[in-house]
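Engineer: A predicted structure for the sequence below; I have some questions about it.
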Amino acid sequence: MKILNFGSCNIDLVYSVKHIVQPGETLAAEGMARFPGGKGLNQAIAIARAGAPVYMAGCVGEDDDMLAPLLSDSGVDLTYLRTVKGPTGHAIIQVDEGGENCIIIFPGANGAVSCDHIDQVLQDFEEGDILLLQNEISNIPYLLERAGEKGMRIVLNPSPYAEWMQNIDLGLLSCVILNETEAGCMAGTGQPLDFLEQMRISHPKLDVVLTLGSAGCIFQKEGMLYRQPSFKTNVVDTTGAGDTFTGYFIAGLYRQEDTEELLRIATAAAAIAIAGEGAASSIPAYETVRAAVDHMVPNEAD
Ligand code: RIB
């Protein structure tokens, strides 16, 4: 079984601010740094650092001097990463004093993923291989259809949420990993738990992981509900916490880890990532997570 992550690569321009800028307000940032990011890149690196083999497909621009080298150094296979004309995608991120963020993305090269590129990549994958997708590259509906025809196990992280996602054939997917906002939108009611209930009835074979920030996560699988509290951590920057969780979750699936342990490790990895700056830069190695997890305190312990 192979893991293919078809997704975005961004340069994150991170501005430290007292508070997230308000409409009409001009605010001086207290610091600025340039980090590797993009939900695709972050999740690929998390999978690799969690110890599973992963192929990254997507596009960077000719100006990329940071992202492909980092992916490669992290052990991600770059056979399917293309360099295209035009700028690499970037994100403008504000991080406030509480570690919360808000993000604007400029797709750049991420918008150059073509149907031809998708066909070329998918010809090397087969039934049962895992395909991990987020929503920051072009032609995702085509990718979903082709991968579905092949019988790949498609895991979708519908992030950032976009309205077209209401039309996705959920029957093509094996698993959805999403946060509260995304689940509320996918449900169409604004209520995240409604998505779990809707899927339990309409798509009972679809696994759903609902991440709830400091409240941990809920995993709905084959009619069972697993709950995992988050761990106490020193919140520095929440950017990429969800990506870290997703990458570790996929690596756990690949290793066929026990479900409860898989959730515990993925949650611990996300908590460690939150304590560092940047998205990809703060994703911990598997040994770090393993060494830390037994000493970590669940948030429910209050
Ligand atoms: O999930 C965090 C990521 O979202 C950032 O790295 C940024 O690039 C955006 O894609």
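Structural biologist: Received the coordinates, thanks.
Engineer: give me the element residue 43 is part of.
Structural biologist: helix 39-49 (DSSP states H and E).
Engineer: chain center to that helix: distance?
Structural biologist: With C-alpha atoms, centre = their mean, to the nearest Å as the basis, helix 39-49 stands 8 Å off its chain's centre.
Engineer: and the average pLDDT for it is what?
Structural biologist: In this model, helix 39-49 has an average pLDDT of 98.
Engineer: again with stretch 117-128
Structural biologist: Mean pLDDT, computed over stretch 117-128, is 98.
Engineer: and the end-to-end length of that stretch?
Structural biologist: End-to-end distance of stretch 117-128 (C-alpha to C-alpha, to the nearest Å): 21 Å.
Engineer: name the residues of it that are buried.
Structural biologist: 117, 118, 121, 122, 125 (16 or more other C-beta atoms under 10 Å). In this view, the C-beta of every residue, glycine as well, is placed from N, C-alpha and C.
Engineer: the closest residue to the ligand within the stretch 1-150 of the chain pairs with what?
Structural biologist: Residue nearest to the ligand within the stretch 1-150 of the chain: residue 37 (2.5 Å; C-beta to the nearest ligand atom). On the basis of DSSP bridges, residue 37 is bridged to residue 10.
Engineer: cool, residue 231 as well?
Structural biologist: Residue 231 forms beta bridges with residue 298, as assigned by DSSP bridges.
Engineer: you'd agree it is up against residue 294?
Structural biologist: No: judged on C-beta atoms under 8 Å, residue 231 makes no contact with residue 294 at a distance of 11.0 Å.
Engineer: and the helix or strand that comes right after the helix holding residue 43 with helix 39-49, angle?
Structural biologist: Heading C-terminal from helix 39-49, the first helix or strand you meet, by DSSP H and E, is strand 55-61. Calculated by axes from the mean of the first three to the mean of the last three C-alpha atoms, to 10 degrees, strand 55-61 forms an angle of 140 degrees with helix 39-49.
Engineer: mind listing residues that contact the following helix or strand past strand 55-61?
Structural biologist: Next in sequence after strand 55-61, counting helices and strands by DSSP H and E, comes helix 67-73. Here helix 67-73 makes contact (C-beta atoms under 8 Å, 6 or more residues apart in numbering) with 9-11, 36, 38, 41, 44-45, 56, 60, 78, 81, 83, 88, 280.
Engineer: anything in helix 67-73 near the ligand?
Structural biologist: No: using C-beta under 6 Å from any ligand atom, helix 67-73 stays clear of the ligand, with a minimum separation of 10.4 Å.
Engineer: which parts of that helix are buried?
Structural biologist: Residues 67, 68, 70, 71 are the ones in helix 67-73 that count as buried (16+ other C-beta under 10 Å).
Engineer: just the mean pLDDT for stretch 251-262, thanks.
Structural biologist: The pLDDT scores in stretch 251-262 average 96.
Engineer: how about it: buried residues?
Structural biologist: Those buried within stretch 251-262 under the rule 16+ other C-beta under 10 Å are 251, 252, 253, 254, 257, 259, 262.
Engineer: do stretch 172-191 as well
Structural biologist: Across stretch 172-191, burial judged by 16+ other C-beta under 10 Å covers 172-173, 175-180, 182-187.
Engineer: residues of this protein that sit close to the ligand?
Structural biologist: For the chain, the residues in contact with the ligand (C-beta under 6 Å from any ligand atom) are 8, 10, 12, 37-39, 42, 91, 103, 105, 136, 239-240, 242-243, 279.
Engineer: quick one: the helices in the stretch 151-300 of the chain?
Structural biologist: Along the stretch 151-300 of the chain, the stretches classed as helices by DSSP state H, counting those that start in this stretch are 180-187, 192-202, 241-254, 259-274, 286-293.
Engineer: of those, which approaches residue 109 most closely?
Structural biologist: For the helices of the stretch 151-300 of the chain, the distance to residue 109 is smallest for helix 241-254, at 18.7 Å, taking C-beta to C-beta.
Engineer: what's the spacing between the closest one and its chain's center?
Structural biologist: Relative to its chain's centre, helix 241-254 lies at 8 Å (C-alpha atoms, centre = their mean).
Engineer: thank you, goodbye.
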